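**Q** Please find the sequence and the predicted model below.
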Amino acid sequence: MNEVKSGLARNPVLGSRFLKELESFPKHSPPLGSTGSRLLDGNSRYAEDLEDMIAQFHHAEAALIFNSGFDANVGFFSSVPQPDDVILYDEYIHASVHDGMKVTRAGVKKAFLHNDLVHLAELLQTVRREDRENAIRSGPHEKKRERNIFVAVESVYSMDGDTAPLREIVDLLEPHGAHLIVDEAHATGVFGLQGRGLVNELGLESRVFARLHTFSKALASNGAALVGPKILKDYLINYARPLIYSTFTSFSNLASIKSAYQMLIEGETVELVEKVRGLISYFRSNIRIPEHMLLPSTSPIQGIVMDGNAKVNALSQELIRAGLNVKPIRFPTVPKGKERVRICLHSHNTLEQVQKLIHIVQTWVNRDQAVPVGAITEVDVPAIIDSLDVASPASSSSSSPSSSAPTTTSLSSSSSAFSVSAVSAKSSHIISKL
Ligand SMILES: Cc1ncc(COP(=O)(O)O)c(C=O)c1O
């Protein structure tokens, strides 16, 4: 296996590209801080050129940069669906979509079971049947249109690491004229040609209404771009409140995003992605634990499911003690019985680290199965991860405990990483993701 030492967050090529980009603007024009909302002083030619570059890279008509992926989802779901419209969303959709839906004007919001095409098909048919019934009721003189249907999915689910069956979903939606919005937060930089995402990998770019590419994960920056039709961009500029009423991101962050995209465009991340893929494949084919405990995933996010917060806390603590930064995901972030340790493999991880991970997990699982239930005690593991990614149980509405607030939130700097990485036994430093 090649010795590639870094993911993008600690990548020297990105570091020097970024510094060079900053140095090429010695007169601080554009200004260092954006100084305002983009609708006031915060806009710049630089930001617009970057959006064009991102749109071109993702083969989209337009791209619109938000300060975060969270803002982008809230902006979209709070403003685009109209009062008569319908939103159907995967039950595991990210908290930011839930927050957008809390203030959306859409009349109907319904979850479908995770990745369940049959359930999604049933909901689509119900919406169209109701449309037909309404049309009959309103009589021949009143023009009653079919409602717009927006469907929200993630290409790679943040808690399980599994992928959405996007091709089948697109096939299902098209006859109903439904609009698909794919959150590519965990696929950007990792899936698709030069990191364009899973929609690209499956050749679906022209069949998806909008995609969200976040810069905060693989791209070692902050913010996100919604890519899609130009009319969507124009609409969001006028109606998306997180964009209108917030100071736009700084020039240095835009320079960082641009530098990361240049690396993607020039194929400089291909080797890193191959390394991660190699580690994923090694991990999955070598770990020996009961099949039901290992979540199905081809992405860098791997989950080992255990029953109960105490168990995931204990295993996570053992891994952290061994220098591997792996965090527990607990109820109510995930449904009861689906608690898991969440592993995120990075290109800077070594084969030895993955071997160590496998060894500790296997030993722990074997020991656990010999221990009577209840013998495992709670240990204190920081859980800021709970506040970053929120998956909701099937029955949850936007006000369910899992989508409203995590049980434990900590802002300590030692608690915000979710990676398999070397950490000192005393303090687990922030290790960002690729
Ligand atoms: C699937 C998904 N969507 C959106 C977001 C929000 O992105 P950001 O961190 O840029 O706000 C996250 C981040 O945790 C995520 O996992």
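**A** Nice, I can see it.
**Q** From residue 297, how far off is the residue of the chain found nearest the ligand?
**A** The nearest approach of the chain to the ligand comes at residue 69, 2.4 Å away (CB to the nearest ligand atom). For glycine as for every other residue, the C-beta is placed from the backbone atoms N, C-alpha and C. As defined by CB to CB, to the nearest Å, residue 69 lies at a distance of 20 Å from residue 297.
**Q** what about these two, which has more around it?
**A** residue 69 (25 against 19; other CB atoms under 10 Å).
**Q** Please name the residues that touch that one.
**A** By CB atoms under 8 Å, 6 or more residues apart in numbering, the contact set of residue 69 is 96, 183, 185, 212, 214, 216, 223-224.
**Q** Let me know the pLDDT of it.
**A** Note on residue 69: pLDDT of 98.
**Q** quick one, phi/psi of it?
**A** phi -70, psi -30 (degrees, to the nearest 10).
**Q** Per-residue pLDDT of residue 151, please?
**A** Reported pLDDT for residue 151: 98.
**Q** Sorry, wrong one. I was asking about residue 368.
**A** 81.
**Q** wait, what's in contact with the spatially most central residue of the chain?
**A** Against the mean C-alpha coordinate of the chain, by CA atoms, centre = their mean, the closest residue is residue 185 at 3.3 Å. Shown in contact with residue 185 (CB under 8 Å, 6+ apart): 69, 94, 154, 156, 158, 212-214, 216-217, 224.
**Q** pLDDT averaged over the helix or strand containing residue 180 - what is it?
**A** Per DSSP states H and E, residue 180 falls inside strand 179-183. For strand 179-183, mean pLDDT is 98.
**Q** next one: stretch 311-325
**A** pLDDT averaged over stretch 311-325 gives 95.
**Q** For it, buried residues please.
**A** Residues 311-320, 322, 324-325 are the ones in stretch 311-325 that count as buried (16 or more other CB atoms under 10 Å).
**Q** ok, what's across the strand from residue 88?
**A** Per DSSP bridges, the residues bridged to residue 88 are residue 110, residue 151.
**Q** residues near it, how many?
**A** The burial count for residue 88: 23, using other CB under 10 Å.
**Q** interface residues of the stretch 51-200 of the chain facing the ligand?
**A** The stretch 51-200 of the chain has residues 68-70, 73, 94, 96, 154, 158, 183, 185 near the ligand, with proximity defined as CB under 6 Å from any ligand atom.
**Q** so of the contacts of residue 185, which ones are in helices?
**A** residue 69 (DSSP state H).
**Q** and of the contacts of residue 185, the nearest to residue 262?
**A** residue 213 (15.0 Å; CB to CB).
**Q** Low-confidence bits of the chain, can you list those?
**A** Applying pLDDT under 70 to the chain flags the ranges 1-7, 141-144, 371-434.
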